[in-house]
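>>> My questions concern the predicted model and sequence given below.
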Amino acid sequence: MKQKIYILGLLLVIGMVSAVDAQTKMGYTNVELLMAYMPEVKSVENKLSNFEASLTQKLQVKQTNYQSKLQEYSKKKESGLSADEDQRRVAEIQRLEEEIQKEAQEAEFKLLRKREELLAPITNRIQEKIDEVAREGNFTYIINNSSGNGVPTILYGMETMNVTDELAAKLGISIE
């Protein structure tokens, strides 16, 4: 009797899992590919390039100042410096090195933050279209089939579940 109840319970669980699986519909897309064809992304890339150039220029001014201080120190060291003067100049050079490192880190952070800020409207728009396609196609999940470095995260997927072309149409872009 216990064995029959166990088998009946097992069949019931298998049936419920099958029913849940039958209701799950997955689709996939390539968000990076979509973004590559969006004209807004080109504008973002130009803005980021200009922003990066301005950050780099500020950093180069500090590096030039650092190099001149280093050369000045080397020349004075050869001609002879007092211990106090030597210590003061070494401390100044070390301070400049630290400032340059700190500013480089801040510049990298500012660039990442600017990238996020400029891409937010684009990624929000893509997400809205993904949501539309999911609702219209009764998809339970739509996943990105590519990681940020171009390596596919979906190694196999039925082409009928690829919604990239449908998303491109909704975004008003043509993927060649």
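Looks like it came in fine.
>>> element containing Lys47?
Assigned by DSSP states H and E, Lys47 belongs to helix 39-79.
>>> chain center to that helix: distance?
What separates the centre of helix 39-79 from the centre of its chain is 25 Å, taken as C-alpha atoms, centre = their mean, to the nearest Å.
>>> what packs against it?
Packing partners of helix 39-79 (3 or more C-beta pairs under 8 Å, 6 or more residues apart in numbering; DSSP states H and E): helix 83-137. In this view, the C-beta of every residue, glycine as well, is placed from N, C-alpha and C.
>>> Please point out which parts of the next helix or strand after the helix it packs on sit buried.
Moving toward the C-terminus from helix 83-137, the next helix or strand (DSSP H and E) is strand 141-144. Neighbour-count burial for strand 141-144 flags Ile142, Asn144 (criterion: 16 or more other C-beta atoms under 10 Å).
>>> Now tell me what touches strand 141-144 from outside.
Contacts to strand 141-144, defined as C-beta atoms under 8 Å, 6 or more residues apart in numbering, come from residues 24-32, 130, 133-134, 153-154, 163.
>>> quick one on the thing from earlier: what's the angle between the helix holding Lys47 and helix 83-137?
With axes from the mean of the first three to the mean of the last three C-alpha atoms, to 10 degrees applied, the angle from helix 39-79 to helix 83-137 works out at 170 degrees.
>>> Next up, phi/psi of the closest residue to Thr140 other than its chain neighbours, please.
Among residues not flanking Thr140 along the chain, Thr24 sits closest, at 4.7 Å (C-beta to C-beta, 6 or more residues apart in numbering). Main-chain dihedrals, Thr24, degrees, to the nearest 10: phi -90, psi 130.
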